[in-house]
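[1] Here is my input; please provide its structure:
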Amino acid sequence: MAAVAGKLDFIAGGVRWTVAGSFTIRPFQTSKEPVVGVNGPAGYKEMGVAPSIEAELITTADTRLKLFEAMSGVTASVKLANGLQYILTEAFVEGEPDINPIDGTVTVLLKGTSCDEI
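    As a prediction, this is how the structure comes out:
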């Protein structure tokens, strides 16, 4: 029986990061939402969005969070247990990382120009 979920490999900015548990890939470059008038649904509008990867990572004594601040134009790659792979290009860290010293984790949101499934 093949794995369909579980472990994954995450590399961003040339560094392999250890994932704590929460991990989200948003590969789309557009988002649709309904347009509703007084007579009901009229259609939808489509807006551009930046593809993204959000990751909760484990911090260690070797983790340098300043690396995230310096990330600009990097490539982030993810290989999932089910064999799917995603490449986020021209990525940067949006905002500031959320550091949780109680759990020893940091959550980062990377946004890029495209996210390809390979």
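[2] State the number of residues packed around residue 19.
    Each residue near residue 19 was counted by other CB atoms under 10 Å, and the total is 16. C-betas here are computed from N, CA, C, even on glycine.
[3] Strands of the chain, residue ranges please.
    8-12, 15-17, 19-26, 30-37, 40-48, 52-58, 72-80, 85-93, 98-100, 105-111, 114-117 (DSSP state E).
[4] Indicate each strand paired with the first one and its parallel or antiparallel sense.
    When pairing is defined by DSSP bridges, strand 8-12 lines up against strand 15-17 (antiparallel), strand 72-80 (antiparallel).
[5] I'd like to know how far the residue nearest the centre of the chain sits from residue 9.
    For the chain, the residue nearest the mean C-alpha position is residue 53 (0.5 Å; CA atoms, centre = their mean). Going from residue 53 to residue 9 by CB to CB, to the nearest Å gives 13 Å.
[6] residues shared between the contacts of the two?
    residue 78 (CB atoms under 8 Å, 6 or more residues apart in numbering).
[7] Find the one among the strands paired with strand 8-12 with the highest mean neighbour count.
    With neighbours taken as mean count of other CB atoms under 10 Å, the strands paired with strand 8-12 reach their highest mean count in strand 72-80, at a mean of 17.
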